[in-house]
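# Sequence isn't available, so here's the structure alone:
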């Protein structure tokens, strides 16, 4: 039997997997097969397909993780996980079903129009899970703090100790609060105990991440990232866990696109419509510091094509230092003009900005005709 190449598109869900198969050189796909999301059925199906020829498979990244890819990789089947946000979409296509999704993936994968993601190994995925667990716990801390303070506010109790909330004095004040009503006291105690328990979980996760930062292969990248201003152990571990491998980015714009620091643009003809940079959220929030550095990288055309793990931070430190020196130089420039020294003036309240207007008792016509504003004096 003549061997051929089979391209398999899979629409993976929690309970089922829809499989569409395209043969090389044929336009029509085979009838879509829907099977249970079970390792035994997947092995049986791909075992039969491997007898017909080379098999290449793909599916969208999602909540089902990478277990299907690892299963097929163990069977020596090439399987890519596709970035969902980069899948081409036809604006006129209004129907979406499991069969259409599987067949669409197979066709676009065979045409080379899909972008695959990097598959983390099990150790990298475990560290990433710890980072995201910490982010969830941190959000829980914020919610529980808000509940506790709003409960006290409804009862007319606010902290007036002269320090900020959640300082040592504030915690001492919280623990001294009590209510005569047993139900109100029960609710307050429950909120306070929950908050203290969640803070303990957060500290435990921070200690776990700090311990991971001292172990290989994370020790070197974390130490180098800590050289950047504003990045300490925790932020460095988060960046390493989420990005994993910096070598996969050949240029700075690829890295910025990965973390979402690229402005949107919808230009057509003579019209240019460009959006603003959006700040990062979630675990990659430390990359908000990269906004200014990104502009400098674009301006300097600095290439990171040959960056490896041992020299990732050095060019960024150089660029940030250059930016700081330029900002300092601009702040030391002399002002354009100074206040008029001998011209009597009265303030005009008309308009959005206050401007001085000169009275008729000026010393000379030349002084009376002098114009001055906030903007010309370097205030605007």
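In hand now; what should we look at? Everything numeric here is computed off the predicted structure, so don't read it as measured data.

# which residue ranges form the helices in this protein?
Assigned by DSSP state H, the chain shows helices spanning 39-52, 67-74, 98-111, 122-154, 168-175, 182-213, 219-225, 233-243, 252-259, 290-300, 314-331, 365-368.

# Just give me the lowest mean pLDDT stretch among those.
Note on the helices of the chain: helix 365-368 shows the lowest mean pLDDT, a mean of 45.

# on that earlier part again, could the helices of the chain be laid out in TSV, adding mean neighbour count and distance to residue 276?
C-beta here means a position set from N, CA and C on the backbone, and glycine is covered the same way. Formatted as TSV, those follow (neighbours: other CB atoms under 10 Å; distance: least, CB to CB, whole Å):
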stretch	mean neighbour count	distance to residue 276
helix 39-52	14	45
helix 67-74	15	36
helix 98-111	19	31
helix 122-154	15	25
helix 168-175	14	37
helix 182-213	15	32
helix 219-225	19	26
helix 233-243	22	23
helix 252-259	17	14
helix 290-300	16	10
helix 314-331	13	19
helix 365-368	11	45
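
# will you turn these into CSV that also has distance to residue 85?
Converted to CSV, the helices of the chain look like this (distance: least, CB to CB, whole Å):
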stretch, distance to residue 85
helix 39-52, 26
helix 67-74, 18
helix 98-111, 14
helix 122-154, 19
helix 168-175, 43
helix 182-213, 28
helix 219-225, 26
helix 233-243, 16
helix 252-259, 11
helix 290-300, 20
helix 314-331, 26
helix 365-368, 64
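
# Residue 270: which of the ones you listed is closest?
helix 290-300 (23.8 Å; CB to CB).

# wait, residue 78 sits on residue 50?
No - applying CB atoms under 8 Å as the test, residue 78 and residue 50 come out as separate, 11.1 Å apart.

# got any residues that touch both of those two?
Counting by CB atoms under 8 Å, 6 or more residues apart in numbering, residue 78 and residue 50 have no contacts in common.

# what about stretch 242-253, start to end distance?
18 Å (CA to CA, to the nearest Å).

# And for stretch 147-163?
The first-to-last residue distance of stretch 147-163 comes to 20 Å (CA to CA).

# Tell me how many other residues crowd the closest residue to residue 5 other than its chain neighbours.
Nearest non-adjacent residue to residue 5, counting by CB to CB, 6 or more residues apart in numbering: residue 24, 4.2 Å away. Burial of residue 24 is recorded as 12 neighbouring residues (other CB atoms under 10 Å).

# wait, what's in contact with residue 143?
Taking CB under 8 Å, 6+ apart as the definition, residue 143 has no contacts.

# could you measure it against residue 149, distance?
11 Å (CB to CB, to the nearest Å).

# That's all I had, so thanks and see you.
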